[in-house]
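Asker: Any chance you could fold what I've pasted below:
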Amino acid sequence: MLSLSDTNWQHLHHAYGATDDVPGLINQLIAGQHEEADDLFYGMLCHQYTIYDATLAAVPHLYSLLEKEEEHGRILDLCGFFACVYAFDYGDHTDGYDALRKNKKIDPALLQTIGDAYRNTASQLQQYCLTLLDRDNQLTAEDKKQLLVTIAAVSGSKAIARALIIYNEDEYVCLCPHCQGEVFIWNESNRLQAYGEDPVFHKEQEKHPVAPQPIDLDNWNGAYNRIDAPFWMADFAIRYDIEDYETIVAQLFGQAACPHCKQPFELMPALEAGT
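Answerer: Down below sits the predicted model:
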């Protein structure tokens, strides 16, 4: 982990340029001064879903802050920030962590240390979120869904996390993998329907129900990863009593029929491809 007193911060970058201001802003948060938190999180470190080498260096320090935080709202704010960072670091792509590789001013060994600390924080975050879900009785259904996204982002389901961050539960958009036609997925009373045109502007059109994937939790090995995402997300919905969300999960991993070419396709991979 890069010490907050290390002069190498001046050779890192965030959305506004050099990051010699970041250690001071993190120290302000440690001191209980939260006025600049949103600008630090979403102005500098994760601006419009873009992350930077300074983001990776800052995350372990912000996780240490999370471990000590007791205020409910700030805990969720930090978890939401971590969800965005880990989802949009594109570590699931071959050019993941590109922000570190672009930095030519810092010794490669130190860059490796920064990257390792960032990756190690992911497993800690997953356990933190699961522990929080078990101990915090103030969590609403929306809070729990946010924590699900954080867990997805840090446990190898980054593209799923990106899709859940970009789209809300009421509307998703993807391309048919067969004909590349744009497909609009709408939630109508917890039933996902596929449309060929945006239903906001085209009221009279045929809808195609999404066929849910049967999910047998007896087949789940307990792993939190992309392959087992249908299982752990369904288990999450049941375990933490998120009303109707198990139904949504089964449909997100189900099959849609393309309104254009009529070919069936798996919905979640199509949503992931658009992220």
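
Asker: State the next helix or strand along the chain beyond the lengthiest strand in the chain.
Answerer: What stands out as the longest strand in the chain, according to DSSP state E, is strand 182-188. For strand 182-188, the following helix or strand on the C-terminal side (DSSP states H and E) is strand 191-195.

Asker: which other helices and strands contact the helix or strand just after that next one?
Answerer: Using DSSP H and E, the helix or strand that follows strand 191-195 in sequence is strand 208-209. On a contact count with 3 or more Cβ pairs under 8 Å, 6 or more residues apart in numbering; DSSP states H and E, strand 208-209 meets strand 191-195. For glycine as for every other residue, the C-beta is placed from the backbone atoms N, C-alpha and C.

Asker: what about residue 121, which helix or strand?
Answerer: Here residue 121 is assigned to helix 108-135, by DSSP H and E.

Asker: tell me what that helix is packed against?
Answerer: Packed next to helix 108-135, using 3+ Cβ pairs under 8 Å, 6+ apart, are helix 53-68, helix 72-87, helix 98-101, helix 141-154.

Asker: report the angle between the axes of it and helix 141-154?
Answerer: Going by axes from the mean of the first three to the mean of the last three Cα atoms, to 10 degrees, helix 108-135 is angled at 150 degrees with respect to helix 141-154.

Asker: circling back: mean pLDDT for the helices and strands packed on helix 108-135: which is lowest?
Answerer: The minimum mean pLDDT among the helices and strands packed on helix 108-135 belongs to helix 98-101 (a mean of 76).

Asker: quick one: the residue lying farthest from the centre of the chain from residue 37, how far?
Answerer: Taking Cα atoms, centre = their mean, the residue of the chain most remote from its mean C-alpha position is residue 204, at 34.5 Å. Relative to residue 37, residue 204 is positioned 47 Å away (criterion: Cβ to Cβ, to the nearest Å).

Asker: With residue 76 instead?
Answerer: Noted for residue 76: a distance of 12 Å to residue 37, by Cβ to Cβ.

Asker: ok, now how distant is residue 82 from residue 165?
Answerer: 12 Å.

Asker: With neighbour numbers in mind, choose between these two.
Answerer: residue 82 (25 against 19; other Cβ atoms under 10 Å).

Asker: didn't the more buried one look like it was pressed against residue 63?
Answerer: Yes: in this structure residue 82 lies within contact range of residue 63 using Cβ atoms under 8 Å: 7.4 Å.

Asker: any common contacting residues for the two?
Answerer: Counting by Cβ atoms under 8 Å, 6 or more residues apart in numbering, the common neighbours of residue 82 and residue 63 are residue 125.

Asker: Does anything pack onto the helix or strand of the chain with the lowest mean pLDDT? Which helices or strands?
Answerer: Within the chain, no helix or strand scores below helix 98-101, which has a mean of 76 by mean pLDDT, DSSP states H and E. Judged by 3+ Cβ pairs under 8 Å, 6+ apart, helix 98-101 is in contact with helix 53-68, helix 108-135.

Asker: Nearest to residue 199 among those would be which one?
Answerer: helix 108-135 (34.2 Å; Cβ to Cβ).

Asker: what's the angle from the closest one to helix 72-87?
Answerer: Inter-element angle recorded for helix 108-135 and helix 72-87: 130 degrees (by the same axes, to 10 degrees).

Asker: residues of helix 108-135 that come out buried?
Answerer: 110-111, 114-115, 117-119, 121-122, 125-126, 128-130, 132-133 (16 or more other Cβ atoms under 10 Å).

Asker: Who are the contact partners of the residue most central in space within the chain?
Answerer: Nearest to the geometric centre of the chain sits residue 161, at 3.5 Å (Cα atoms, centre = their mean). For residue 161, the contacting residues are 83, 86-87, 149-150, 152-153, by Cβ under 8 Å, 6+ apart.

Asker: Could you save these as TSV and add columns showing neighbour count and distance to residue 189?
Answerer: Below are the contacts of residue 161 laid out as TSV (neighbours: other Cβ atoms under 10 Å; distance: Cβ to Cβ, whole Å):
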residue	neighbour count	distance to residue 189
83	26	27
86	26	32
87	29	28
149	24	23
150	27	28
152	29	25
153	29	29
